[in-house]
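[1] What would the 3D arrangement of this be:
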Amino acid sequence: MLRSCVEVVTWAATSALAQNVSADELDRRAIERRAVGADTWGMPAVNCDLMRQEMLTKTTAKENEILYSSRAKCAPGSSAG
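    Numbering: from 1, shown residues only. Take a look at the predicted model:
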């Protein structure tokens, strides 16, 4: 039983790698992977910078300080936010 499972997994892996894919398709897939990667890493960086700018302009905090806010942005159950 174990051997047949290993054979199935091996066959599935090799058949997935053995696809005949055109250069255009590979280029398209590479662009999609880069777009997902940019979104994955870019969104937190932008959010962090926006929070930093808000902290520096709207509070008395300075660079290299940590600001903690225990107040919720919007009331629970409200449609805003």
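
[2] looking at the protein, which helix or strand is least sure?
    helix 2-17 (a mean of 61; mean pLDDT, DSSP states H and E).

[3] for the next helix or strand after that one, what is the average pLDDT?
    Sequence-wise, the next helix or strand downstream of helix 2-17 (DSSP states H and E) is helix 23-58. In this model, helix 23-58 has an average pLDDT of 90.

[4] count of residues packed around Leu67?
    Counted with other C-beta atoms under 10 Å, residues neighbouring Leu67 total 13. Where C-beta positions appear, they are placed from N, C-alpha and C, glycine not excepted.

[5] wait, doesn't it sit right on Lys58?
    No - using C-beta atoms under 8 Å as the test, Leu67 is too far from Lys58 to be in contact (9.9 Å).

[6] what about Asp27, distance to Gly42?
    For Asp27, the distance to Gly42 equals 22 Å [C-beta to C-beta, to the nearest Å].

[7] ok, Ala23 - contacts?
    Going by C-beta atoms under 8 Å, 6 or more residues apart in numbering, Ala23 touches no other residue.

[8] Could you measure from it over to Arg33?
    Distance from Ala23 to Arg33, by C-beta to C-beta: 16 Å.

[9] now Leu67
    36 Å.

[10] And for Met55?
    34 Å.

[11] Next: Cys48.
    23 Å.

[12] And for Leu56, the neighbour number?
    By other C-beta under 10 Å, the residues close to Leu56 number 14.

[13] is it true that it touches Leu67?
    No - at 9.5 Å, Leu56 does not count as touching Leu67 under the criterion of C-beta under 8 Å.
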